[in-house]
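Participant: The sequence isn't on hand, but the structure is:
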Ligand SMILES: Nc1ncnc2c1ncn2[C@@H]1O[C@H](COP(=O)(O)OP(=O)(O)O)[C@@H](O)[C@H]1O
Ligand SMILES: O=c1ccn([C@@H]2O[C@H](COP(=O)(O)O)[C@@H](O)[C@H]2O)c(=O)[nH]1
């Protein structure tokens, strides 16, 4: 199994890059695990308490579960990937049955911050987009898709997201094998990653 980690700040385009990679690759050969599925279960908290969580700090992620799921997949076993709701700020209680594939992609803002998980990646990719570009994308996406308003996005950005990005996410570029510039759609970089995957699948 080839395991590819794709990191980068919010709105840099990780999900978009993953979808571009999957496009035209043989179905069923490449699997995806999203770090978002592994936000810690916070069912014991009220919604108002959950809103106050710092979701951009590594402690908000259940890395133990994520790592153990990846190890199970590597052993050839299925896992039940939790489903996360950004609207509820919590796991939904549902899971997605995820099968091991020849190539597994793990994507998320904080996946390179955990040394044990980092060790498991054969290829580490960091998607870069400038912070103003990422904020604009985040505003548009969170208002249309994640039930936020402009006040929520901007206050989270100033209070937690920006400082956490500078402290935990940006320094992870140091560990990347490949940095994809993604201020504009980068088909050349995506094609290079696809070529690597196709070689593994051949
Ligand atoms: N290169 C790009 N140029 C313009 N918009 C982009 C680009 N890449 C992604 N987007 C848009 O930005 C938003 C956030 O992208 P997404 O892939 O969800 O980022 P991430 O998963 O890193 O948070 C989405 O609405 C997406 O369509
Ligand atoms: O309940 C939650 C959990 C996370 N967030 C925000 O999501 C982004 C990470 O997702 P991307 O798709 O990579 O943008 C992170 O910056 C958290 O602030 C949230 O709003 N609510």
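Facilitator: In hand now; what should we look at? No experiment lies behind these values; they were computed from the predicted model shown. Numbers count the residues shown, from 1 in each chain. Ligands and ions are numbered 1, 2, ... in the order given.
Participant: Residue numbers of this structure in contact with ligand 2?
Facilitator: 10, 11, 14, 36, 39, 55, 56, 86, 89, 109, 156, 161 (CB under 6 Å from any ligand atom). Any C-beta I mention is one placed from the backbone N, CA and C, and that applies to glycine too.
Participant: biggest separation within the residues you listed, which pair?
Facilitator: Maximum pairwise distance in the residues of the chain next to ligand 2, criterion CB to CB, is 19.7 Å, between 14 and 89.
Participant: Who has more neighbours out of the two?
Facilitator: residue 14 (26 against 18; other CB atoms under 10 Å).
Participant: what's near enough to touch the more buried one?
Facilitator: Shown in contact with residue 14 (CB atoms under 8 Å, 6 or more residues apart in numbering): 6, 7, 8, 107, 108, 109, 127.
Participant: quick one on the thing from earlier: filter the residues of the chain next to ligand 2 down to the ones close to ligand 1.
Facilitator: 10, 11, 14.
Participant: out of the residues you listed, who's nearest ligand 1?
Facilitator: Checking these against ligand 1 by CB to the nearest ligand atom gives residue 14 as the nearest, at 3.5 Å.
Participant: just the residues of the chain next to ligand 2 now: which is nearest residue 190?
Facilitator: residue 14 (12.1 Å).
Participant: quick one, phi/psi of the residue lying closest to the closest one once chain neighbours are set aside?
Facilitator: Nearest residue to residue 14, sequence neighbours excluded (CB to CB, 6 or more residues apart in numbering): residue 107, at 4.7 Å. Note on residue 107: backbone dihedrals following degrees, to the nearest 10 are phi -130, psi 140.
Participant: Residue 107: neighbour count?
Facilitator: Other residues close to residue 107 by other CB under 10 Å number 22.
Participant: Up against ligand 1, what does this structure have?
Facilitator: When proximity is defined as CB under 6 Å from any ligand atom, the chain approaches ligand 1 at 8, 10-16, 137, 141, 182, 184-185.
Participant: quick one: the helices in this protein?
Facilitator: 14-22, 47-51, 63-74, 115-120, 131-145, 150-156, 162-164, 187-201 (DSSP state H).
Participant: Out of these, flag the one nearest residue 2.
Facilitator: helix 187-201 (4.7 Å).
Participant: Cool, thanks, talk later.
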